[in-house]
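[1] Could you work out the structure for the sequence below:
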Amino acid sequence: MQNITDTDEVKKKNKIVEKILSITKVSEVAEVKEIKNSAINTDDISTITPNTFDLTDPRTLRDFLKLHKIWTKKKFGQNFLQCRESLEHIVKLGELSAGERVVEVGPGHGVLTRELLQEGAIVNAVEIDPDVLPALSASTRQWKKNLTVDNCHVLDFNPPQGKYKFIANIPYHLTSPILRKFLIDTENKPTKLVMLVQKEVAEKIACKDEKNSLLSIMVKTFGTPSYAFTVTAEKFFPAPKVDSAVLVIDTFEKPLINIPSKIYFEMLFAGFSSPRKKLKNALMKRLMLTKSQVDPVFEELNLDHDCRAQNVTIPQWEAMTKVFFKDYLDKAK
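    Below is the predicted model:
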């Protein structure tokens, strides 16, 4: 009699396992939970991975969002990636090794988070929307020991100590603030950034030097940006109005400047305050300088008096900072 009971228990467990592994859409998850609750101890199957559970599949994604009562919020820039090929390419560009730490901003329901965790990464996710946290927890539960979630705004987040990488599908309206935070305001910078951003922004940042903008100069001072690949609008849910792209930034061990980053940024901000005007005029207006103060500096740096901000090199920006912000730099010592 004992053997028969044991056999029945094994058969019941096997049926549960088969059911979990055969999940093709998340609407079946509720049924699986009912089976689990009425059968064996859930700890026995807590480590089983449903191989067919793919949040890049449009139907699965919609079922999952519906199951967890998630509605995308425009104010948080929520556009969820639903392209398996793009997702795998992003993770590959991260060049991750098991045990590496990753900061992910805006994980949402966890489509990218799952892939990072499967690579063996230790993920610190930063999510401002509390409504998606249960879904994130559900989709990543088997790796919960390697996942930390901070429910806060990214600008209030304190980056981890030690080496880490930044890999994320970020809210596009926060691209500039995020880059400034992790490249300028943060002392411990990531070794690499892999970011899904608006296509036009990625093109501007990875542009040729003669077409530099405030953002591209800022990035190029702290690392080497490259345009990896395009991700068209229909590969997101909901589809944004513009195409996107993956931008990769390999940061330098030391920036190309030897002055405080924040003061350097103020110099850049002043220079690009009127990018279509002559740089000399923009500086005189923004920094309240006279022609007699600016002309000698331009002469010394071999700058054309009619040049614009985009024509200036990083060493020339540093040199101008040392002259025009001398008082601030002296105080910073």
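
[2] Can you tell me which helices and strands the one helix or strand Pro296 maps to packs against?
    Using DSSP states H and E, Pro296 sits within helix 291-300. Applying 3 or more Cβ pairs under 8 Å, 6 or more residues apart in numbering; DSSP states H and E, we find helix 291-300 packed against helix 279-286, helix 314-324. Using the backbone N, CA and C atoms, a C-beta is placed for each residue, glycine as well.

[3] Report all helices and strands that the last one contacts.
    Here helix 314-324 touches helix 214-222, helix 261-271, helix 291-300, going by 3+ Cβ pairs under 8 Å, 6+ apart.

[4] Before we move on, what's the pLDDT of the residue nearest the centre of the chain?
    Note on the chain: the residue nearest the mean C-alpha position is Ala168, at 2.8 Å, using Cα atoms, centre = their mean. pLDDT for Ala168: 97.

[5] Run through the bridge partners of it.
    For Ala168, the beta-bridge partners under DSSP bridges are Met195.

[6] Pull up the gap between it and Gly94, please.
    For Ala168, the distance to Gly94 equals 10 Å [Cβ to Cβ, to the nearest Å].

[7] which residues are common contacts for those two?
    Val194 (Cβ atoms under 8 Å, 6 or more residues apart in numbering).

[8] which one of the helices and strands packed on helix 314-324 is the most hemmed in?
    The highest mean neighbour count among these, using mean count of other Cβ atoms under 10 Å, belongs to helix 214-222: a mean of 21.

[9] circling back to that earlier point, and the contacts of the helix holding Pro296?
    The contact list for helix 291-300 (Cβ under 8 Å, 6+ apart) reads Lys280, Leu283, Met284, Leu303, Asp304, His305, Ala319, Met320, Val323, Phe324.

[10] 7 Å instead, please
    For helix 291-300, contacts defined as Cβ atoms under 7 Å, 6 or more residues apart in numbering pick out Lys280, Leu283, Met284, His305, Met320, Val323.

[11] what's the most distant pair in these?
    Spatial extent of the contacts of helix 291-300 (Cβ to Cβ) is set by the pair His305 and Val323 at 16.0 Å.

[12] Not counting its neighbours along the chain, what's nearest Pro255?
    Excluding the flanking residues, the one nearest Pro255 by Cβ to Cβ, 6 or more residues apart in numbering is Phe222, at 4.9 Å.

[13] mind checking how far that neighbour is from Glu88?
    28 Å.

[14] Helices of the protein, residue ranges please.
    Here the chain has its helices, by DSSP state H, at 2-21, 29-37, 58-67, 84-93, 111-118, 133-139, 175-180, 199-205, 214-222, 261-271, 279-286, 291-300, 314-324, 326-332.

[15] Deepest-packed of the ones you listed, please.
    Counting by mean count of other Cβ under 10 Å, helix 111-118 has the highest mean neighbour count of those, with a mean of 23.

[16] Could you figure out how far that helix is turned away from helix 58-67?
    Orientation check (axes from the mean of the first three to the mean of the last three Cα atoms, to 10 degrees): helix 111-118 against helix 58-67 gives 100 degrees.

[17] Could you check the angle helix 111-118 makes with helix 84-93?
    Going by the same axes, to 10 degrees, helix 111-118 makes 50 degrees with helix 84-93.

[18] ok now helix 111-118, how far from the chain's centre?
    Offset of helix 111-118 from its chain centre (Cα atoms, centre = their mean, to the nearest Å): 13 Å.

[19] for stretch 272-288, same thing?
    Distance, stretch centre to chain centre, for stretch 272-288: 32 Å (Cα atoms, centre = their mean).

[20] First-to-last residue distance for it?
    Criterion Cα to Cα, to the nearest Å; first-to-last residue distance in stretch 272-288 is 15 Å.

[21] Let me see the mean pLDDT of it.
    On average, stretch 272-288 scores 92.

[22] Please work out which residues outside it touch it.
    Contacts to stretch 272-288, defined as Cβ under 7 Å, 6+ apart, come from residues 213-214, 270-271, 289-291, 294, 298, 305-310, 312, 324.
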